[in-house]
Each structure stands twice: as C-alpha cells, then as structure tokens.
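Peer 1: Could you work out the structure for the sequence below:
(chains A, B, C and D)
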2 protein chains.
Amino acid sequence: MSTSRPRRRIPEASVARLPIYLQILIEQADGGVLNISSEGLAELAGVNAAKVRKDLSYLGSYGVRGVGYEVDYLIFQIRREMGLDQDWPVVIVGGGNLGQALAGYGGFSGRGFPVGAIVDNDPAKVDTVVGGVRIRHLDELDTIVSGTGIAIGVIATPASAAQEVADRLVAAGITSILNFAPTIVTAPSRVSVRTVDLAVELQILSYHEQRRANLRSGTRTGGRGTGLGPGSATLKRGATA
Amino acid sequence: MSTSRPRRRIPEASVARLPIYLQILIEQADGGVLNISSEGLAELAGVNAAKVRKDLSYLGSYGVRGVGYEVDYLIFQIRREMGLDQDWPVVIVGGGNLGQALAGYGGFSGRGFPVGAIVDNDPAKVDTVVGGVRIRHLDELDTIVSGTGIAIGVIATPASAAQEVADRLVAAGITSILNFAPTIVTAPSRVSVRTVDLAVELQILSYHEQRRANLRSGTRTGGRGTGLGPGSATLKRGATA
DNA sequence: CATTGTGAAGCGTTTCACAGCC
DNA sequence: GGCTGTGAAACGCTTCACAATG
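Peer 2: A predicted model of the protein is given here:
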C-alpha cells in the first residue's frame, strides 16, 4: 500500500513554514477548532493568505472551496509530508552548557525528536546524566549510530571542534546535522546541514537597532569619523566558548 | 575625506551574511592573514564569490582590485555598519533550562551581547545566580530596562507565556526581541522580532531525511517509532491519492 | 457566495560576465 | 594579470487577482 506520492518537491521556503502551520493547527485542534480558512491560518502565522494557500497546495488539494481546511486532516497531511509521522531520535555531541540545555529542553523530545544519546570527549563528563540520558564517550559514536539507526546529529561543541565532529558524525552514518557551533561546517552533499548561530541572530537585530538609532538622530553618528585604524575595532576578539 | 555613512539600505539577505563573514575575518586576522580575496572569503563562508563581492559592496568600495580586501579594515567596516562597534547588553526572560544555557553560553557575551539581566516570574528562581547574573523578578523589567538602557530582550519561556512576555518587553521599552519560544509573537512594527524555533530546524531536517528515505526505497519505510507522533490527531481519513 | 487553487505579475536575491582599476 | 565592482540576466519566492467550485 503505497501511501506515498504527492512526491513533488516542495520549495525550501515552504518547507520552512509548514512546521509553523503545523504548530498552530495543533493548538487549534486542541482548542476544539475543526476547520480553518487560509485567511485564519495566515493571521495566526503572521503571513499572507495567498502564501498559505500556495504552501498548502504543494501537499495536494486538501481544502474545500467556500469552507476552508479541516484542521485534523491538515495536521495529518503536513506530518506525513514532513516525515513527522515517526520519531527521529537525535544524538547530541557536546555535553557542555548548550548540550545540556538541549537535552533538558522538552522542546526536542516533545516534538518528535527524542534525545537518543549524548556524547562528549571529556572523560569528566562521561557517565554523568543529563536530561535523563547518560553521556557516553565520543568514540562510541559509530556504535551508537549503527546500533540505534539515529539519523540526526546535533553539534553543541565549541566552534573549534565542530568540523571534526561533523566529519565523525558523517563517518558514523549520520545523514542530517544541526550545527549550533558558530562556524560553517561542510559535509558531503548527501548530508543535510543546518547551522543555527545564536549570536548571528543577535547581530542581525543589532543592525536594525543601530539603524533605528541613526535614523532617529537624523545625521550620522559623529562618533568615529575617517578613522582608518581599527583602533576601536580591536575590542573583544570572539572568544567563542 | 568625509567617510560619511554609506546610508543605503542593505538587503536583508546580505545583513544575515555579514556576521558570518565577520566571524571568518576575525579568525583570519587572528591567524595573521592580512588580505583576503572575495574568492577566499567565499570559500570559507561556503558561498559564491560574486555574492561576497555584492554583499561587501553595500558597505562601500573597500576592496583593492587585483589585491583583495584588507582583513582588519573589513572587520572594522562590517562592525561599524552592523552596529557591532558597541556592546548590546540583553535581558533574558526565563531562567529555565534554555535561559540558563543562554546565560552560561559564552557565545553571547563573547560576541558583544553581554547578559545584562535575567528575569523570571517564579519566586523560587529569583535570587539564584546563573552565569554570574542574579535572576530578578519579571516585575522589575521596567526598572531594569530604563535603568540600563538595554534594547534587546531574549524570550526563553514556554510558548504559552511568550506573547505576554513580548508585550511586557515592549512596554518596558525594548526595541528588539529574539524569541526562542516555539510560537509566533507579534509586536508593533517599530520593534524587530526574530524567532528561532529549535524544533522547526529539526523538522526541516526531517523533511529532507524522509525525502531521501522515500527516494531510496520508493515506498515509505515502516521505520522505528510511533506511528503517529504526539498531539491529538487521530483522524486519518482514507487514502491519500 | 465564501473560499480555494493557481496562472501570471512583481519583487528581491543570486549568479553571470565583463569593464574598470590597481 | 588579477581581482573588484556592478549592470544585466536568471532564478525563486511572494503577492495579486480571478476562475473554479463545493
């Protein structure tokens, strides 16, 4: 019974929004809402209604003209299309601050990504328990991956270790990587890599913040003029922890 | 003379990449590299060289034909344009797992975003110390913001509290919000909001993971795990053809 | 007749390709 | 000669607008 098949390729921009719709739809379903229009969903998601319709159209024609979409059915379809009708256990590499937070944070397990394993190369961390999972040694990665079929690795190490860790994850058979280290990691094209750099997000905000400040004061900030010398740019060199 | 500001608006897509170039340039400078070509920078950033040149051109004409870009000078210019020639202290709302990790994570303070304050509404958490900062009560937000001039708020609460927290941040005078709660938060247009939903990132990976699995086998693998994930959707409705 | 699904226009981003300059 | 800076082409995403339809 091949349940599969609207196998068209969904544009990346839409793929990034479907989880957001899903989240909203689940909330609505919990609240007892049975149907929703593209307009209503758009409002809740903070986007344009036409965009919602186009996004949903990539899943198939699951709406009813004049009525809207059946919430439960849409949830089912998005889950199926996104591969969220199964759990995807992850292995977290790095038992430091961030790794511990990720392991303890219910947001992973609660949404279908249970923490299957945590590894670290620091013997002092090995065998401590975080979020109910015992930290194992990085060298056990191969065993863990082949033994559990885990497909997704999360890098929560310092930037300096990230590429090596990525290489080891790939060698162990991981096919998707979520990288929280503030550095680019590369992998063979068969492996998906996404990098989330928390400081980059703040830096983007900083740009807008600064731009508003400049607009308010009308003129350019007198501050540092022609200064060729990074006299002040010598500030903190990122001691990426 | 007159190094007046290149007051043009930088496209968002470029704004999002400049911090990445900056990171790389700082590493290069630390390694003693004095000059870099768009080609070299592109390689390190994992993007196309023309893109690098176009991105940098929004800052002004800071390259030298036939030679490349002076690393230190470029660092200085990107910092200036992004508003990173000053620190932007942040206030973290939520002293739970994620809030603690963010506070302890050197990646914020180390890159110009020191944690100026942490607040929580749980009396049990108030006065505990995280990452060297004492948690204060949420109600002190106004005092904190007006007293310190903090402009950026980080939401690290459960989804259910996020919108209310956002409202309070805005009321307190915050003008940029980085939201880690898995929900949309809205704010007046004068306030910048960015949402980082860690589970969404994993869900995007899931899509690609699942897509690869389907391509390999043609039909859906039974896989491990639960048939239907968490949540309440029980309704399935017939085949999907 | 409210609302979907979708061609087509509009717009921002990426990439090409080469003139301009050191 | 080598590399930047940038018009122009190509691309992908968003939005419009409306015919299709339960």
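
Peer 1: What count of nearby residues applies to residue A:143?
Peer 2: When counting by other C-beta atoms under 10 Å in any protein chain shown, one arrives at 12 neighbours for residue A:143. All C-beta spots, glycine's among them, are computed from the backbone N, C-alpha and C.

Peer 1: Check residue A:58 too.
Peer 2: Applying other C-beta under 10 Å, I find that residue A:58 has 15 neighbouring residues.

Peer 1: Surely it and residue A:10 touch.
Peer 2: Yes. The criterion here is C-beta atoms under 8 Å, and residue A:58 meets it with residue A:10 at 4.5 Å.

Peer 1: Show me which residues of chain A sit near DNA strand D.
Peer 2: Residues of chain A that fall close to DNA strand D, judged by C-beta under 7 Å from any atom of the strand: A:11-14, A:47-48, A:50-51, A:53-54, A:64-67.

Peer 1: and chain A, which residues reach DNA strand C?
Peer 2: Residues of chain A lying close to DNA strand C by C-beta under 7 Å from any atom of the strand are A:37-39, A:49-50, A:53-54, A:56-57, A:61-69.

Peer 1: Any of those residues buried? List them.
Peer 2: A:37-38, A:53, A:56, A:62-63, A:68-69 (16 or more other C-beta atoms under 10 Å in any protein chain shown).

Peer 1: Adding secondary structure and pLDDT as columns, could you present the residues you listed in CSV?
Peer 2: Formatted as CSV, these follow (DSSP: H, G, I helix; E, B strand; the rest coil; pLDDT from 0 to 100):
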residue, secondary structure, pLDDT
A:37, coil, 98
A:38, helix, 98
A:53, helix, 98
A:56, helix, 98
A:62, coil, 97
A:63, strand, 97
A:68, strand, 98
A:69, strand, 98
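
Peer 1: with these in mind, which one is nearest to chain B?
Peer 2: Lowest distance from chain B to these (C-beta to the nearest C-beta) belongs to residue A:62, with 9.3 Å.

Peer 1: Hmm, that closest one is touching residue A:71, no?
Peer 2: No. Counting by C-beta under 8 Å, residue A:71 is not a contact partner of residue A:62; they are 11.0 Å apart.

Peer 1: How about residues contacting the helix or strand bottoming out on mean pLDDT in chain A?
Peer 2: Across the helices and strands of chain A, mean confidence by mean pLDDT, DSSP states H and E is lowest for helix A:106-109: a mean of 85. If you take C-beta atoms under 8 Å, 6 or more residues apart in numbering or on different chains as the criterion, helix A:106-109 is touched by A:90, A:102, A:114-115, B:182, B:198-199, B:202.

Peer 1: which ones among these are found in strands?
Peer 2: Those of the contacts of helix A:106-109 mapping onto strands are A:90, A:115, per DSSP state E.

Peer 1: Which among the contacts of helix A:106-109 count as buried?
Peer 2: A:90, A:102, A:114-115, B:182, B:198-199, B:202.

Peer 1: domain ranges for chain A?
Peer 2: Following automatic domain parsing, chain A resolves into domains at A:12-80, A:90-198.

Peer 1: Most tightly packed of the ones you listed?
Peer 2: domain A:90-198 (a mean of 19; mean count of other C-beta atoms under 10 Å in any protein chain shown).

Peer 1: Is stretch A:22-39 in proximity to chain B?
Peer 2: Yes. Stretch A:22-39 reaches chain B (C-beta under 8 Å from any C-beta of the partner chain) through A:22-24, A:26, A:29-30.

Peer 1: Determine which two of the residues you listed are furthest apart.
Peer 2: For the residues of stretch A:22-39 next to chain B, the farthest-apart pair by C-beta to C-beta is A:22 and A:30; their separation is 12.6 Å.

Peer 1: tell me which of the contacts of helix A:106-109 is nearest to residue B:142?
Peer 2: Closest to residue B:142, out of all of those and judged by C-beta to C-beta, is residue B:182, at 26.8 Å.

Peer 1: contacting residues for that closest one?
Peer 2: By C-beta under 8 Å, 6+ apart, residue B:182 lies in contact with A:23, A:107, A:111, B:159, B:197-200.

Peer 1: Would you reformat the buried ones among the contacts of helix A:106-109 as a markdown table and include pLDDT?
Peer 2: Listed next are the buried ones among the contacts of helix A:106-109 as a markdown table, based on pLDDT from 0 to 100:
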| residue | pLDDT |
| --- | --- |
| A:90 | 98 |
| A:102 | 92 |
| A:114 | 97 |
| A:115 | 97 |
| B:182 | 94 |
| B:198 | 93 |
| B:199 | 95 |
| B:202 | 98 |
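
Peer 1: from those, which is closest to residue A:78?
Peer 2: Distance to residue A:78 across the buried ones among the contacts of helix A:106-109 (C-beta to C-beta) is lowest for residue B:199, with 13.9 Å.

Peer 1: check contacts around the closest one.
Peer 2: Residue B:199 sits next to A:19, A:107-108, A:110-111, A:113, B:182 when contact means C-beta under 8 Å, 6+ apart.

Peer 1: Got phi/psi on the closest residue to it other than its chain neighbours?
Peer 2: Of all residues not flanking residue B:199 in the chain, residue A:111 sits nearest, at 4.3 Å (C-beta to C-beta, 6 or more residues apart in numbering or on different chains). Per-residue torsions, residue A:111: phi -120, psi 30 (degrees, to the nearest 10).

Peer 1: likewise residue A:35?
Peer 2: phi -130, psi 150.

Peer 1: residues in contact with the spatially closest residue to it that is not a sequence neighbour?
Peer 2: Distances taken as C-beta to C-beta, 6+ apart place residue A:68 nearest to residue A:35, at 4.8 Å, with adjacent residues excluded. Taking C-beta under 8 Å, 6+ apart as the contact definition, residue A:68 lies against A:35-38, A:40.

Peer 1: Using the three-state scheme, assign residue A:92.
Peer 2: Here residue A:92 is strand, with the state taken from DSSP: H, G, I helix; E, B strand; the rest coil.

Peer 1: Please identify which helix or strand holds the residue of chain A found nearest DNA strand D.
Peer 2: Per C-beta to the nearest atom of the strand, residue A:66 is where chain A lies closest to DNA strand D, at 2.6 Å. Per DSSP states H and E: residue A:66 is located in neither a helix nor a strand.

Peer 1: At which residues are the strands of chain A located?
Peer 2: Secondary structure of chain A (DSSP E): strands at A:35-36, A:63-64, A:68-70, A:90-93, A:115-120, A:129-130, A:133-137, A:152-155, A:176-179, A:192-195.

Peer 1: Out of those, flag the one nearest residue B:131.
Peer 2: strand A:129-130 (17.5 Å).

Peer 1: Name the residues that touch that closest one?
Peer 2: Residues outside strand A:129-130 that contact it (C-beta under 8 Å, 6+ apart) are A:95, A:99-100, A:103-104, A:118, A:135.
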